[in-house]
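A.B. asks: predicted model and sequence below, questions to follow.
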Amino acid sequence: MEKREFEMTKEQRRGHRLQRWLSPPGVTFRGARAEQLYKERVTRFMKAFLCMEPDRVLVMIPAGNFPIRYSGLSLKQLMYNPTLIRPTWTKFVNDFYDDMDDFLGPAGISCGRMFDILDYKSFKWPGHGLPDDAEYQQYVETILMSEDEYDALLKDPSDFGFRVITPRVVGALEVLKDFPPLSSLMGMPIMLGNSFARPEVRTAFQKLIEAGEELEKLQVQLMTVNRDAVAVGFPMSMGGLALAPFDLIADHLRGTQGSAIDMYRNPEILLEATEMILEQMIKRTIDSVNAMGVLT
């Protein structure tokens, strides 16, 4: 009987994941050459990762949004019309097919309509704070959490993120600041309905639904591009993403200035918050990579 992953040693888990990477289930390669190149490329990566000598030096092209310019389009066009993503990256893959060993898909493209619907405040993007021909988004760093709010973050991070940080970042969800504490729903979850008796709460969640519908259109295109790349012989060299715990605080909660001050004034509580976020981040990252299945 095959062992389940949680019953394996870390060496066995690594071997299991590497084998799935080498022979991804559910993939139909577009020809014998595509399958051969895929296995050669994955083997090359494995040897490099395991500190063994590969047959040759890996060639990785962190193309970023170059395929967009290469196709004569703009980031704004793809952010607002996701159906352009697949032909854009297909052209790039076809034209550089023999020049690279990995494929980094269009992960840097966000959903413009979702940002618009939610009135998202932590980014500037083409046509919204940046020129229409801007090639990248721009993060807007602000101090979202004051130094006296660490205790609230540590006491209940889910509630703090939902009722405190989200209303400060997402204009369409500002009403969540008046939502009842999530911990109050443990005994009487039916009480959640009381909040939705307010029209402004229903409007906020309707905005979330609309934003989710737009985001789904983008995600379908991104997954299609990634699966296309595997089918023609390119392994995914990145299977997931995790933020460094301190960076999450410094970038998204306290800002560079606030976190630098905390390092001197409140180092103990800063470390405590970092450790709490680390534990959550490890689990979240493993879950997200497992959820990606074949593309990991």
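C.D. replies: Happy to help now that I have it. Numbering: from 1, shown residues only.
A.B. asks: just give me the residue closest to the centre of this structure.
C.D. replies: residue 241 (6.1 Å; Cα atoms, centre = their mean).
A.B. asks: mind checking how far it is from residue 50?
C.D. replies: With distances taken as Cβ to Cβ, to the nearest Å, residue 241 is found 22 Å from residue 50. C-beta here means a position set from N, CA and C on the backbone, and glycine is covered the same way.
A.B. asks: same deal with residue 59?
C.D. replies: 19 Å.
A.B. asks: ok, those two, which is more surrounded?
C.D. replies: residue 59 (13 against 10; other Cβ atoms under 10 Å).
A.B. asks: so for that one, what's the pLDDT?
C.D. replies: Here the pLDDT value assigned to residue 59 is 89.
A.B. asks: my guess is it contacts residue 99, does it?
C.D. replies: Yes: between residue 59 and residue 99 there is a contact under Cβ atoms under 8 Å: 6.7 Å.
A.B. asks: where does the stretch 151-296 of the chain dip in pLDDT?
C.D. replies: 238-240, 289-296 (pLDDT under 70).
A.B. asks: can you map out the helices along it?
C.D. replies: Assigned by DSSP state H, counting those that start in this stretch, the stretch 151-296 of the chain shows helices spanning 157-160, 166-169, 192-195, 199-231, 245-247, 255-265, 267-292.
A.B. asks: so what does the first one touch, helix or strand wise?
C.D. replies: With contacts defined as 3 or more Cβ pairs under 8 Å, 6 or more residues apart in numbering; DSSP states H and E, the secondary structure elements packing on helix 157-160 are helix 267-292.
A.B. asks: check the offset of the helix it packs on from the chain's centre.
C.D. replies: 14 Å (Cα atoms, centre = their mean, to the nearest Å).
A.B. asks: report the buried residues of the longest strand belonging to the chain.
C.D. replies: Using DSSP state E to define each element, the chain has its longest strand at strand 123-126. Across strand 123-126, burial judged by 16 or more other Cβ atoms under 10 Å covers 124-126.
A.B. asks: stretch 229-246 now?
C.D. replies: By neighbour count with 16+ other Cβ under 10 Å, stretch 229-246 contains the buried residues 229-237, 239-240, 245-246.
A.B. asks: redo these as TSV? Include distance to residue 142.
C.D. replies: Shown next, in TSV, are those (distance: Cβ to Cβ, whole Å):
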residue	distance to residue 142
229	36
230	39
231	42
232	42
233	44
234	38
235	38
236	34
237	33
239	31
240	27
245	20
246	18
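A.B. asks: between the residues you listed, which is closest to residue 14?
C.D. replies: Looking at those and their distance to residue 14, the nearest is residue 239, at 12.8 Å (Cβ to Cβ).
A.B. asks: now the strands: where do they sit in the stretch 51-200 of the chain?
C.D. replies: 123-126, 129-130, 138-139 (DSSP state E, counting those that start in this stretch).
A.B. asks: let me see the mean pLDDT of the second one.
C.D. replies: Right, strand 129-130. Computed over strand 129-130, the average pLDDT equals 94.
A.B. asks: before we move on, what about the first one?
C.D. replies: In this model, strand 123-126 has an average pLDDT of 95.
A.B. asks: and the contacts of it?
C.D. replies: For strand 123-126, contacts defined as Cβ atoms under 8 Å, 6 or more residues apart in numbering pick out 74-76, 79, 110, 112, 115, 129-130, 132-134, 137-140.
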